[in-house]
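S.K.: Return a 3D structure for these sequence lines:
(2 chains)
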Amino acid sequence: METIDLTKSSLRDLNEILQRQSEITNQKQWEVINPKGAHAVAVGLNAPLELSIKGSTGYYCGGMNQKANIKVYGSVGPGVCENMMSGCVTIEGDASQYAGATGQGGLLVIKGNAASRCGISMKGINIVVHGNIGHMSAFMAQSGNLVVLGDAGDALGDSLYEARLFVRGNVKSLGADCVEKEMRPEHLNILQDLLNRSNANADAKEFKRYGSARSLYNFDIDNAGDY
Amino acid sequence: MCGIVGLFLKDKSLELTLGEMLTQMLITMSDRGPDSAGIAIYKNPKNSFTKVTVQSSQPQIDFENIKIELDSLFNQNLEIMIIDTHAIITIETEYLNSIKEILATSFPNLRIMSIGDSIEIYKEVGLPETVANRFDISKMSGSHGIGHTRMATESAVTTMGAHPFSTGNDQCLVHNGSLSNHNSLRRKLRKEGIECETDNDTEVAAAFLTYKMNEGYNLGDALKAGITELDGFYTFLVGTKNGFGVLRDPIACKPAVLAETEQYVAFGSEYRALVNLPNIDSAKVWEPEPATVYFWEH
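M.R.: Okay, here's the model as predicted:
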């Protein structure tokens, strides 16, 4: 286990040394202490490292992650795992706004709550939130799965493309073109697998599925007056 | 962008270190607002006395002349403390209107930063650390205070464009965001007898809250009225003689973090600003909900 203390090393040094690890490195176990809310901690990792961050971080923690398994023992600021490609990032606390934005792959688990715009424009990432999510979540989400064990805020899934949204609690309101959909066996399988992988003690049958009504896909002349 | 910090102390034993804690918080937020900075600090209210904080761009000349003129008129009932470009005039409240008149007629270049029982406002153009050092904020004690680091968007980088803004006794406001209906609201408020001194959008928000509180609203209700009347992006932190309030617009894209322990309530635009506060690791830390009013009072 290598430990990097952010009161002694610079953020640039931390990210450089983590990014330098190769696919076949023997040094897989890493720990970051004293992050003290710093931005851009552990961004751009591209090797299968096991990284623990002991404390809360600022903006963009774990951004663009590939292959690494990152655990944050604290809360994270805005834009955690922005554009994540693969790997797994687990947040023990809460996440601020736009968690997992534009993420293309991998699994983001938030054990607490996520604020507004969670999963905005997600493109294949899987996000599991054990608590609640804020307003405008999954806005223009394109693919992937957003799983929420608690409640969702206003305008869930506004202008949604093909992402699947699973919510166990209440949805305050659905956004434009987002509708509740039938939960078929294949959805139950996908959902239960994600719940198991994110250590969520929940049964897929308790959830509702939401998705795109696909009525915004093509321009409708009747709506011309609305623009 | 802009950065906001604030500290409301519940535990009186921390009052001596208020300035030190706020200064550290403010400097941490320099990246969010390097062009100007300001602090409002609530301290030492004295029965039947009022404090007027004034600022001058030629303090040596102006403050000397003020001393001479006011001393000859008020003699024993007045105290003037000069701190860099600012001076705190403490006067028996019954003479407040005469002082205001003298300042307006004899010293038109002086800017009044704040008036109140306990509020003092210090603000200038420059890096937050430089501004805080000029006024020796870290040595100040007090019951609560708010600070702002500015990255100007809606009006010029000037001392008067810096935050906090005070438009009513012991009231002040700092803002991260931008308002889009400030011109029309400024005109409306003028009709109601509330004047704004600058082109700044934030000053209009401060004036709006003053207007509502003059009408009898408490801070919480005045902030609630703001949700419908103020159009734009905002995270506000507001100070009054006894309290401290937070409001975010319904879209809430401007960041905000609150932390509460038995000793204090702290606000930061980012968690980074709070990391050196006492017992922060065991504090309740959360993001204020959109369009929801939070306030604490002594």
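S.K.: give me the residue from chain A nearest chain B.
M.R.: A:Gly37 (3.6 Å; C-beta to the nearest C-beta). Just so you know, the C-beta spots here come from the backbone N, C-alpha and C atoms, and that holds for glycine as well.
S.K.: mind listing what that residue touches?
M.R.: A:56-58, A:77, B:270-275 (C-beta atoms under 8 Å, 6 or more residues apart in numbering or on different chains).
S.K.: and the residue positioned nearest the centre of chain A, what does it touch?
M.R.: Centroid-nearest residue in chain A, with C-alpha atoms, centre = their mean: A:Gly100, separated by 3.5 Å. Shown in contact with A:Gly100 (C-beta under 8 Å, 6+ apart): A:80-82, A:84, A:108, A:118-119, A:122, A:125, A:127.
S.K.: can you rerun that using 6 Å?
M.R.: The contact partners of A:Gly100, by C-beta atoms under 6 Å, 6 or more residues apart in numbering or on different chains, come to A:81, A:108, A:119, A:122, A:125, A:127.
S.K.: what's the helix or strand for it?
M.R.: Assigned by DSSP states H and E, A:Gly100 falls within no helix or strand.
S.K.: And it, how close does it get to A:Glu162?
M.R.: For A:Gly100, the distance to A:Glu162 (C-beta to C-beta, to the nearest Å) stands at 16 Å.
S.K.: just B:Arg248 next, same as before
M.R.: 32 Å.
S.K.: Neighbour count: these two, which is higher?
M.R.: The residue with more neighbours, out of B:Arg248 and A:Glu162, is B:Arg248; 25 against 12, by other C-beta atoms under 10 Å in any protein chain shown.
S.K.: thought the more buried one was touching B:Pro290?
M.R.: Yes - B:Arg248 lies in contact with B:Pro290 (C-beta atoms under 6 Å); the separation is 5.3 Å.
S.K.: Run through chain A and note the low-pLDDT ranges.
M.R.: Scanning chain A with the threshold set as pLDDT under 70 gives A:227.
S.K.: List of residues touching the longest helix seen in it?
M.R.: As assigned by DSSP state H, the longest helix anywhere in chain A is helix A:185-197. For helix A:185-197, the external contacting residues (C-beta under 6 Å, 6+ apart) are A:126, A:128, A:147, A:166, A:202, A:204, A:209.
S.K.: Can you give me the domain boundaries for chain B?
M.R.: Per the record, chain B has its domains at B:3-45+B:134-297, B:49-116, by automatic domain parsing.
S.K.: Contact residues of chain A facing chain B?
M.R.: Counting by C-beta under 6 Å from any C-beta of the partner chain, the residues of chain A lying close to chain B are A:36-37, A:56, A:58, A:115-116.
S.K.: Highest neighbour count among those?
M.R.: Ranked by neighbour count (other C-beta under 10 Å), the residues of chain A next to chain B have A:Ser56 at the top, with 29 neighbours.
S.K.: Show me what the helix or strand hosting B:Phe63 is packed against.
M.R.: Assigned by DSSP H and E, B:Phe63 belongs to helix B:59-74. With contacts taken as 3 or more C-beta pairs under 6 Å, 6 or more residues apart in numbering or on different chains; DSSP states H and E, helix B:59-74 sits against strand B:78-83.
S.K.: Do me a favour and average the pLDDT over the strand it packs on.
M.R.: Across strand B:78-83, the average pLDDT comes to 92.
S.K.: Could you check how far the residue of chain B most remote from its centre is from B:Gly243?
M.R.: Most distant from the centre of chain B: B:Ser72, at 31.3 Å, with distances by C-alpha atoms, centre = their mean. Per C-beta to C-beta, B:Ser72 is found 39 Å from B:Gly243.
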